[in-house]
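**Q** model this:
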Amino acid sequence: MNAAQLADALKNAHVEHARLRLQEKRYWQQQLDDGVKALGKTPVGALVDPDALAKVVDDWLASVNTAQGLRPVIIAVSEAILEQAGDDPATVGELLNEAHFEAILEQALRLKTLREKAIHACLNHPLVSDMVSEMLYTGIKNFLLEENVLAKLPGVSSMMKLGRKSVGKAMGGLEDSIRDYLRHNTRATLKTGEQWLNRQLTDQHIAELARDGYRRLAPLKPADVIKTAPKGLAGDVATHACVIADEAARLDYSRRLVAAGIQAAVQSLLEKDLPALLKAMGTTPKKRSQALAPALATGAAVLDQQGVLSPWIEQALGDFYDSDACKDVLEKALS
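**A** Presented below is the predicted three-dimensional model:
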């Protein structure tokens, strides 16, 4: 057997050994534990070049089309989730318990400036002004047509004898003038209403309203609302969401935010080593051996069943066994 034949035999034996080992849970348990121990006290952030990582991510975001490429998968997942949620008996209170609701409420109450801007935007919208004007006009008209108490006023009883039809015609002739008057005064009234709302909507009142709303919603089931969704909604929403997500990711704005986030993440990880980080995350060696190791071994077994594990291993190892360096070592050993 010459050096080339021996190298080929060793490669085949190595590939077969790796194929079997990768499917053993014990192998992965050992690799995971040894990997964590090997890194020791080395800060996780020191293992990553933030600039290089940010560059890779930015290059990907610049031409990202991931969501649209995965659109069939995303649609299938969305439809499955919506179907499952529509049959699930969970209540709002189970999904968001009272303690978490209170924590969110506490933070929301800090947004006073945003709240005042929202009130201003709502009450100054032309649609709101027109709606209030129409409500006032309708109320005045109905009052004049239906409230018989007017007939008791001196001088009015004779007019009321004209009947509702005559009053309605009179109102119709004045309709434009009345509407214009109400619309003009409604805008001024809404400004006063804005000031009143800002005074009345104190943190205490908002908290009371929010808690009352939570108590009413807590026993309700999201499934009851989901069941009312039109057929195909999940797929339609997912389709549009894929386009929006990819286009949003390509924006310079998004890329700047991601870059800033990467820099901050790496900087914060400079103070944490991997064992400490895993411990803080609640991941113990026992949990890794019970969950992650079996999953990796099972994944390798699936790849082997599909006939792709051995070719992948051979591609990874073959370069060495085919190299001149390997053949030189074997030739010296055989001589």
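**Q** what about A300, how many neighbours?
**A** 22 (other CB atoms under 10 Å). The way it works is simple: take the backbone N, C-alpha and C, and place the C-beta from them, glycine included.
**Q** so what's the backbone phi/psi at the closest residue in space to it that isn't next to it in sequence?
**A** Spatially, and ignoring its direct neighbours in sequence, A300 is nearest to L22 (4.0 Å; CB to CB, 6 or more residues apart in numbering). Per-residue torsions, L22: phi -70, psi -20 (degrees, to the nearest 10).
**Q** ok, now P43?
**A** phi -60, psi 140.
**Q** contacting residues around the nearest residue to it once chain neighbours are set aside?
**A** In this structure, P43 finds its nearest non-sequential neighbour in L270, 4.9 Å apart by CB to CB, 6+ apart. Contact analysis of L270 by CB atoms under 8 Å, 6 or more residues apart in numbering lists P43, V44, G45, A46.
**Q** Most neighbours among those residues, please name it.
**A** V44 (19 neighbours).
**Q** That one contacts P275, correct?
**A** No - counting by CB atoms under 8 Å, V44 does not reach P275; the two are 10.0 Å apart.
**Q** follow-up on the earlier one: now for the residue nearest to A300, how many residues are close by?
**A** L22, neighbours per other CB under 10 Å, totals 20.
**Q** which residues does it contact?
**A** L22 touches A297, A300, L309, I313, counting by CB under 8 Å, 6+ apart.
**Q** Report the contact partners of the third one.
**A** If a contact means CB under 8 Å, 6+ apart, then L309 has R19, L22, A300, L303 as its contacts.
**Q** Which of those sits closest to P230?
**A** Each of those was scored against P230 by CB to CB, and L303 proved nearest at 41.2 Å.
**Q** Need the pLDDT of that closest one.
**A** We note a pLDDT of 95 for L303 in this prediction.
**Q** on that earlier part again, how near is the residue nearest to P43 to D51?
**A** 14 Å (CB to CB, to the nearest Å).
**Q** same check, this time on S335
**A** For S335 relative to D51 (CB to CB), the value is 50 Å.
**Q** So which of those two has more stuff around it?
**A** D51 (12 against 6).
**Q** and that one, that one's in a strand?
**A** No - D51: not assigned to a strand; according to DSSP: H, G, I helix; E, B strand; the rest coil it is helix.
**Q** Next secondary structure after the longest helix belonging to the chain?
**A** Of all the segments of type helix in the chain, defined by DSSP state H, the longest one is helix 175-200. Sequence-wise, the next helix or strand downstream of helix 175-200 (DSSP states H and E) is helix 203-217.
**Q** Remind me what that next one packs against, helices and strands.
**A** Helices and strands touching helix 203-217, as assessed by 3 or more CB pairs under 8 Å, 6 or more residues apart in numbering; DSSP states H and E, comprise helix 98-108.
**Q** chain center to the helix it packs on: distance?
**A** Relative to the centre of its chain, helix 98-108 is centred 19 Å away, using CA atoms, centre = their mean, to the nearest Å.
**Q** how about it: buried residues?
**A** F101 (16 or more other CB atoms under 10 Å).
**Q** switch to numbering from 11
**A** Fine by me, first position is 11 from now on; the one you just mentioned is helix 108-118.
**Q** Extract the CA atoms of it and return them as CSV.
**A** Extracted C-alpha coordinates of helix 108-118, given in CSV (Å, rounded to 0.1, in the frame of the first residue of the first chain):
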residue,chain,number,x,y,z
GLU,A,108,-51.8,41.6,36.1
ALA,A,109,-48.2,42.1,37.3
HIS,A,110,-46.9,42.5,33.8
PHE,A,111,-49.8,44.7,32.9
GLU,A,112,-49.0,47.0,35.8
ALA,A,113,-45.3,47.1,34.7
ILE,A,114,-46.4,48.2,31.2
LEU,A,115,-48.9,50.7,32.6
GLU,A,116,-46.2,52.3,34.8
GLN,A,117,-44.0,52.9,31.8
ALA,A,118,-46.9,54.1,29.6
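**Q** For that helix, which helices and strands make contact with it?
**A** Against helix 108-118 (3+ CB pairs under 8 Å, 6+ apart) you get helix 213-227.
**Q** List the buried residues in the helix it packs on.
**A** Applying 16+ other CB under 10 Å to helix 213-227 flags I216, A220, Y224 as buried.
**Q** Run through the residues that contact the last one.
**A** When contacts are counted by CB under 8 Å, 6+ apart, Y224 is found next to E108, F111.
**Q** same question, the second one
**A** A220 is in contact with L115, A118, counting by CB under 8 Å, 6+ apart.
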